[in-house]
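> sequence first, predicted model second:
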Amino acid sequence: MRPDKKKVIDEVWDDARLEDFLSKAPLGAGENADFSAVLYAYRSMRVEDFARFIERFKGAGRDPQARGQDGRTVAEVIASHAKAQPFLALLG
């Protein structure tokens, strides 16, 4: 962690904040909005919050298996991450 960044503990992820993640702009020009939303949520949330997000995401008819510009899903992108297993289980 950068020395100028304060570690946030017990961050609150209420329903309104989860909803905000459903409308985040894509991470880059031409990037798939569903891919971007899932990747952004993975990078930002704890597992239990990510689980709630994915439930809402799917409920809104969004695709957690969407592919990014490089043709990979978020599951494929994070598969080699040391602590990704619980997130991968949620992505199914």
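The structure has been received and is ready for your questions. Numbering: from 1, shown residues only.

> wait, Leu90 sits on Arg52?
No - Leu90 lies out of contact with Arg52 (CB atoms under 8 Å); the separation is 9.9 Å. (Each C-beta comes from the backbone N, C-alpha and C, glycine too.)

> which one of these two has more residues nearby?
Leu90 (19 against 16; other CB atoms under 10 Å).

> host element of that one?
According to DSSP states H and E, Leu90 maps onto helix 85-91.

> please spell out which residues along that helix are buried.
87, 90-91 (16 or more other CB atoms under 10 Å).

> for stretch 72-85, same thing?
73-75, 77-78, 84.

> how about stretch 56-74?
Neighbour counts over stretch 56-74 (16+ other CB under 10 Å) mark 57, 64, 66, 68, 73-74 as buried.

> turn the residues you listed into a markdown table, including distance to Glu11.
Putting those into a markdown table (distance: CB to CB, whole Å) gives the following:
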| residue | distance to Glu11 |
| --- | --- |
| Phe57 | 19 |
| Pro64 | 22 |
| Ala66 | 26 |
| Gly68 | 26 |
| Thr73 | 26 |
| Val74 | 21 |
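
> what sits against the most centrally placed residue in the chain?
Central residue of the chain (CA atoms, centre = their mean): Ala41, 2.4 Å from the mean position. Ala41 sits next to 21, 50, 53-54, 57 when contact means CB atoms under 8 Å, 6 or more residues apart in numbering.

> ok, Ala84 to Pro64 distance?
Applying CB to CB, to the nearest Å, the value for Ala84 to Pro64 is 14 Å.

> picking up where we left off before, can you tell me which of the contacts of Ala41 comes closest to Trp13?
Taking CB to CB as the measure, Trp13 lies nearest Phe53 of these, at 8.1 Å.
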